[in-house]
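S.K.: Fold the following and give me the result.
(chains A and B)
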Number of protein chains: 2
Amino acid sequence: MAGWFEDIEVGEKDSFGRYEVTRDEVIDFASKYDAQPFHLSDEAAAQTHFGRLAASGWHTCSMMMAMTVAHMQEQPGVQEASFGGMGMDELRWPRPVYPGDVLRCETEVLEKTPSRSKPDRGIVRMRTSVFNQDDAPVMTMIAILMIRTRPTDPA
Amino acid sequence: MAGWFEDIEVGEKDSFGRYEVTRDEVIDFASKYDAQPFHLSDEAAAQTHFGRLAASGWHTCSMMMAMTVAHMQEQPGVQEASFGGMGMDELRWPRPVYPGDVLRCETEVLEKTPSRSKPDRGIVRMRTSVFNQDDAPVMTMIAILMIRTRPTDPA
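M.R.: Numbers count the residues shown, from 1 in each chain, chains lettered A, B, ... in the order given. Next comes the predicted model:
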């Protein structure tokens, strides 16, 4: 995605990231934040629709964010223009993420709206999808991002 | 929330959890998953609307989940009835989470829908809100949960 709010175009698409999901990281994340049996052991997961050890959905969100931030920081000016995320709509985990999966991201800018009250920023709605190595979606959502407008008053 | 799908009542409310947010954990989470400057240092955050070091929104989601799972596991039968989450709607972070904050959760069951295709489960939509020590909301969302129906064929 381009840097300042003015430079972002509706319809703009991007594809980036590569994240290898390891068993150790799945168990470490789940132990801290989502200690449900199917996120901790193959034995417990075998008795559920997961079938075998699967990552917490919040871990998948976090891995998506790691890929997103790495990608932002590769592009000059993009980090500088970010005020951070306001939230997410329609977040879904359509299939499990397993240790050994390799994840990647695709994004598409759906909409941009200048702030009514604050001329230094605008809101961008961006579809973000995470795919596994079989090109099957494991997470989809619409990110709601606050992005700076181009500074008009150079210091 | 009660255990099996049949036992859950629309309108049911709950309040639980206590999570002390530490500076070390905020930086550790952000270093791995959301390494934007305002999640890593007070100096960088001072130049943004955060004002000082603030937790990643994904970290807040994860802390919410840690409180939720601990609460599930205190109640007999609730973990057993959980098939996990399908996704989230209208996730928002209305204000920052800072080191030193103490978080807690409130939930309300909004809707329950039996599965059309699978009689062993149903979908529950549950508003989940996270508050800080000033009772100000730091995260709100609607969780979409898959819950088992009461087993009819005891093994």
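
S.K.: Tell me the secondary structure at A:A30.
M.R.: helix (DSSP: H, G, I helix; E, B strand; the rest coil).

S.K.: what residues are up against the residue nearest to it when sequence neighbours are not counted?
M.R.: In this structure, A:A30 finds its nearest non-sequential neighbour in A:H39, 3.6 Å apart by C-beta to C-beta, 6 or more residues apart in numbering or on different chains. Where you see a C-beta, it was placed from the backbone N, CA and C, and this is true even at glycine. Residues in contact with A:H39, defined by C-beta atoms under 8 Å, 6 or more residues apart in numbering or on different chains, are A:26-27, A:29-30, A:45, A:53-56, A:59.

S.K.: cool, A:L110 as well?
M.R.: A:10, A:125-127, A:142 are the contacts of A:L110 under C-beta under 8 Å, 6+ apart.

S.K.: how about 10 Å then?
M.R.: A:10-12, A:124-127, A:142-143 (C-beta atoms under 10 Å, 6 or more residues apart in numbering or on different chains).

S.K.: Which element, helix or strand, includes it?
M.R.: For A:L110, the host element (DSSP states H and E) is strand A:102-114.

S.K.: what is the rounded mean pLDDT of that strand?
M.R.: What strand A:102-114 shows for mean pLDDT is 97.

S.K.: Show me what counts as buried in that strand.
M.R.: A:103-109, A:112 (16 or more other C-beta atoms under 10 Å in any protein chain shown).

S.K.: Next: stretch A:124-139.
M.R.: Across stretch A:124-139, burial judged by 16+ other C-beta under 10 Å covers A:124-132, A:138-139.

S.K.: How about stretch A:59-74?
M.R.: A:59-69, A:71-72.

S.K.: Likewise for stretch A:19-29?
M.R.: So, applying 16+ other C-beta under 10 Å, buried residues of stretch A:19-29: A:19, A:21, A:25-27, A:29.

S.K.: how close does A:M64 get to chain B?
M.R.: Look at A:M64 and chain B: by C-beta to the nearest C-beta, to the nearest Å, they are 9 Å apart.

S.K.: Correction: the previous question concerned A:Q75.
M.R.: Distance from A:Q75 to chain B, counting by C-beta to the nearest C-beta: 14 Å.

S.K.: A:I123 now?
M.R.: Taking C-beta to the nearest C-beta, one finds A:I123 at 12 Å from chain B.
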